[in-house]
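K.L.:
Here's a sequence, model it:
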Amino acid sequence: MAKPNKNIVFYLLSWLYGGITQFRNFLFDAKILSSTSFQLPIISIGNLAVGGTGKTPHTEFLLNILGKDWKTAVLSRGYKRQTKGYRLANKNDTAKTIGDEPFQIYSKFPNTAVAVAEKRVIGIENLLKEKPEIEVILLDDAYQHRHVKPGLSILLTEFNKLYSDDYMLPYGSLREWKSNNKRADIIIVTKCDEEINTTKRQEIEKKLNIKPHQQLFFSTFRYGKLYAGFENDNKQKTAELDAESHILLWTGIENPQPMWNFFQEYTSKITPMFFPDHHDFTEKEIEKIDEIFLNLPEKKLIITTEKDLSRLKSNEFLTENIRKNLFVLPLEVKILNNEHKVFTETIKDYVTKNSRNS
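P.N.:
Numbers count the residues shown, from 1 in each chain. Now for the predicted structure:
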């Protein structure tokens, strides 16, 4: 990976920022700053870099593994929410009150307790007071939140943006030095191609500097069937695509290119409307989307992501026309190299051995 095309000021600032974060880590390692442990399984999912490595899909993947056997909760910061402090999600919440990703999880996993809190220790304490029956807590995007000591730490890194090839902010996108991968118990290389040969896996394992205590897995995303974003407004519950389909592809995510590539396999008639990650769509933007869609030829539909849908559900400017024609492409995680069973057993073994009643 080539060095980012940025000036020397950014490079020098990255060393300053790296020194500050490394000193903070030293304070935790030396126990000058304290980390709190809890008497139940705590699993952290995070990354070294800013940006989308797939934390939410992998959190949902863990919920599918654990949810049937254990009462599981998810605790997140609640990025870009309009509230402060601790909050346990309820039926009156929206993406505005708890954040788009926590609301997405809350909507898809109604039997899972979902809470948000900037301070994770306080969040866990309040969560256990309100929901004492909880048996496992997943911490979303918590690798740098060292005031909580997780029992199992999962570190994600993107196949095409390995942390080993990256640089510290603001020169690169790392939040802390890559040597801090040592805190992870499991490292997952995400967004891989379906087929990765042994030579490539070994090359990546060497680059990532995998330690003896760590397990390395590779994962990819696969897309599910399209479904209506607003079932009560849309007569169609699903949609089938062919070469004559006209798609208005509408997203506010980190990297929409994989979706574009996926739909190119069905049709070349794609109109992109891409916005920044976590974008809150304005009235003018909604009007523009509506106008563009109305001018598309028939057989047409609007397609977005589950994360975008979580924000659109509370968008007061959404038109009836959009609601009637909006479909959602779900995203699922797949562990590669026939290691799904190994990964599942690793997670379940940790939870079983560290449960409060074990």
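K.L.:
got the contact list for the longest strand along the chain?
P.N.:
Counting residues, the longest strand found in the chain (DSSP state E) is strand 215-223. Strand 215-223 is contacted from outside by 54, 57-58, 159, 185-194, 196, 201, 204-205, 208, 210, 258-259, 262, 329-337, 339, 342-343, 346, using C-beta atoms under 8 Å, 6 or more residues apart in numbering. From N, CA and C alone the C-beta is placed, and that goes for glycine too.
K.L.:
neighbouring strands for that strand, and are they parallel or not?
P.N.:
Applying DSSP bridges, strand 215-223 is found paired with strand 186-190 (parallel), strand 331-335 (antiparallel).
K.L.:
With mean pLDDT added, can I get the ones you listed in a markdown table?
P.N.:
Converted to a markdown table, the strands paired with strand 215-223 look like this (pLDDT from 0 to 100):
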| stretch | mean pLDDT |
| --- | --- |
| strand 186-190 | 98 |
| strand 331-335 | 96 |
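K.L.:
Could you single out the most deeply buried of those strands?
P.N.:
Comparing those on average neighbours per residue, with mean count of other C-beta atoms under 10 Å, the densest one is strand 186-190 at a mean of 23.
K.L.:
The chain: strands as residue ranges?
P.N.:
Under DSSP E, the chain gives strands at 42-47, 72-76, 87-88, 113-116, 136-140, 152-158, 186-190, 215-223, 227-228, 246-251, 270-274, 300-305, 326-329, 331-335.
K.L.:
out of these, nearest to S355?
P.N.:
strand 136-140 (8.1 Å; C-beta to C-beta).
K.L.:
buried sites along that closest one?
P.N.:
Residues of strand 136-140 classed as buried by neighbour count (16 or more other C-beta atoms under 10 Å): V136, I137, L138, L139, D140.
K.L.:
would you list the strands paired with strand 215-223 in JSON lines and tack on distance to I322?
P.N.:
Converted to JSON lines, these look like this (distance: least, C-beta to C-beta, whole Å):
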{"stretch": "strand 186-190", "distance to I322": "31"}
{"stretch": "strand 331-335", "distance to I322": "21"}
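K.L.:
Out of those, which is closest to N315?
P.N.:
It's strand 331-335; of the strands paired with strand 215-223, that one is closest to N315 (C-beta to C-beta) at 20.9 Å.
K.L.:
quick check: angle from that closest one to strand 300-305?
P.N.:
50 degrees (axes from the mean of the first three to the mean of the last three C-alpha atoms, to 10 degrees).
K.L.:
neighbouring contacts of strand 331-335?
P.N.:
So strand 331-335 is contacted by 54, 57-58, 60-61, 217-224, 305-306, 340, 343 (C-beta under 8 Å, 6+ apart).
K.L.:
Make a markdown table out of the strands of the chain and add distance to K313.
P.N.:
Converted to a markdown table, these look like this (distance: least, C-beta to C-beta, whole Å):
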| stretch | distance to K313 |
| --- | --- |
| strand 42-47 | 24 |
| strand 72-76 | 18 |
| strand 87-88 | 18 |
| strand 113-116 | 15 |
| strand 136-140 | 20 |
| strand 152-158 | 27 |
| strand 186-190 | 27 |
| strand 215-223 | 21 |
| strand 227-228 | 13 |
| strand 246-251 | 14 |
| strand 270-274 | 18 |
| strand 300-305 | 11 |
| strand 326-329 | 10 |
| strand 331-335 | 17 |
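K.L.:
Quick one: closest of these to T21.
P.N.:
strand 42-47 (13.9 Å).
K.L.:
The closest one packs against which elements?
P.N.:
helix 55-66, strand 136-140, strand 152-158, helix 340-354 (3 or more C-beta pairs under 8 Å, 6 or more residues apart in numbering; DSSP states H and E).
K.L.:
at 7 Å what do you get?
P.N.:
helix 55-66, strand 136-140, strand 152-158 (3 or more C-beta pairs under 7 Å, 6 or more residues apart in numbering; DSSP states H and E).
K.L.:
so which of the strands paired with strand 215-223 gets nearest Q104?
P.N.:
Short answer: strand 331-335, nearest of the strands paired with strand 215-223 by C-beta to C-beta, at 10.4 Å.
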